[in-house]
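>>> have a look; sequence and predicted model below, questions after that.
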Amino acid sequence: MGSRRCTIITLTVTVLSSLLALTGTVAAQSPNRELIDGLEYQLLYVALPLTLFVLMILVYAAVKFHDNDDPQPTTEDPALEITWTAATALILLFVGLAGYSVLVNPYVSPSQAIDGDDRSQEEFESIADLPETGDEEVYVRGYQWEWQATYPEANVTTENEIVIPADENVTIWLTSDDVIHSLFVSDLGIKQDAFPGDYTRARTTVDEPGRYDVVCTEFCGAGHSRMEAEVVAVDQATYDQWLSENEGTITEAPEPA
């Protein structure tokens, strides 16, 4: 019996230690990633003590009543029932409020009504329809099986490289030529679908220059697994110089400093 109890306790401690180790991730590189990570940590900190509490009760019941030959139904306890119902309601309220505060953030869910424009994103069918955002803007087109970024003001185009200035608010307008694609940048916490004939919006600020992997997370055909790209964040001076030196061309991204 002692050996079994020690084994259960050891497994419980091991699982909880592994979950706690997940919180030791590197610093977020964008407000999107920071918001998502913060929400995950909040929920984890609530879930861990609850998990430990339930496991302790489970272990106690298993050890205490494992050889009970005459089990009896539990007696009614209104106070206890009210307590755990109220506790559950409070936990769900916390989870709902925490999740809502992240979901309505303009980086995670960019507003569909910008500068008084009350149209939905689904009505943005061309670049001319898009409202002013006040951000640095990049237009990204997905097609089987590549990503193409354009910068209309400078008439610059890149293939599978999305160049943006670091430490600046950036809006990425997404569309598709053929089927539904989905732009996912894990390190930056960006995920947005691209629909044929429509424009959708992703928004972020990249804290540090660097290269960040992009993949498509919407199955889009035989070459889906090869639909990879990079977000290349460079300092503002490098970004401006790169645009001016490559006007009217299809070019490669500059190297981050």
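Perfect, thanks for sending it.

>>> what's the spacing between Phe65 and Thr74?
Distance of Phe65 to Thr74, given as C-beta to C-beta, to the nearest Å: 11 Å. Bear in mind the C-beta positions are built from the backbone N, C-alpha and C, glycine included.

>>> kindly apply the preceding question to Asn246 instead.
Shown here: Asn246 relative to Thr74, a distance of 74 Å by C-beta to C-beta.

>>> now the helices: where do they sit in the stretch 151-257 of the chain?
Using DSSP state H, counting those that start in this stretch, the helices found in the stretch 151-257 of the chain span residues 236-245.

>>> same for the biggest helix by length in the chain, what does it pack against?
Among the segments of the chain that qualify as a helix by DSSP state H, the longest is helix 31-64. Identification of packing neighbours for helix 31-64 by 3 or more C-beta pairs under 8 Å, 6 or more residues apart in numbering; DSSP states H and E yields helix 2-21, helix 78-103, strand 200-205.

>>> which residues does whichever helix or strand comes after the second one contact?
It refers to helix 78-103. With elements assigned by DSSP states H and E, the helix or strand that comes after helix 78-103 is strand 136-143. Outside of strand 136-143, the residues within contact range by C-beta atoms under 8 Å, 6 or more residues apart in numbering are 127, 147-152, 162-165, 168-178, 181, 183, 194, 216, 220, 227.

>>> where in the chain is pLDDT low?
Filtered on pLDDT under 70, the chain yields the residue ranges 1-26, 111-126.

>>> one more pass at 80, please.
Under the criterion of pLDDT under 80, the regions of the chain flagged as low confidence span 1-28, 68-75, 111-129, 257.

>>> tell me which of Asn246 and Thr74 has more neighbours.
Remark: of Asn246 and Thr74, Asn246 carries more neighbours, 20 against 7, as counted by other C-beta atoms under 10 Å.

>>> in stretch 31-49, what's buried?
Neighbour counts using 16 or more other C-beta atoms under 10 Å place Pro31, Asn32, Arg33, Leu35, Ile36, Asp37, Leu39, Gln42 of stretch 31-49 among the buried residues.

>>> which residues does the fourth one contact?
Right, Leu35. Residues in contact with Leu35, defined by C-beta under 8 Å, 6+ apart, are Val102, Asn105, Tyr107, Val108, Gly189.

>>> show me which of these are buried.
For the contacts of Leu35, a neighbour count by 16+ other C-beta under 10 Å gives the buried set as Val102, Tyr107, Val108, Gly189.

>>> list the buried ones in stretch 247-257?
Per 16+ other C-beta under 10 Å, stretch 247-257 contains these buried residues: Thr251, Ala253, Pro254, Pro256.

>>> quick check: closest non-adjacent residue to the third one.
With C-beta to C-beta, 6 or more residues apart in numbering as the measure, Trp242 is the residue that lies nearest to Pro254, at 4.6 Å, once sequence neighbours are left out.

>>> could you pull up the residues touching that neighbour?
Listed by C-beta under 8 Å, 6+ apart, the contact partners of Trp242 are Val156, Val163, Val234, Ala253, Pro254.

>>> any idea how far Val234 is from it?
Taking C-beta to C-beta as the criterion, Trp242 is separated from Val234 by 7 Å.
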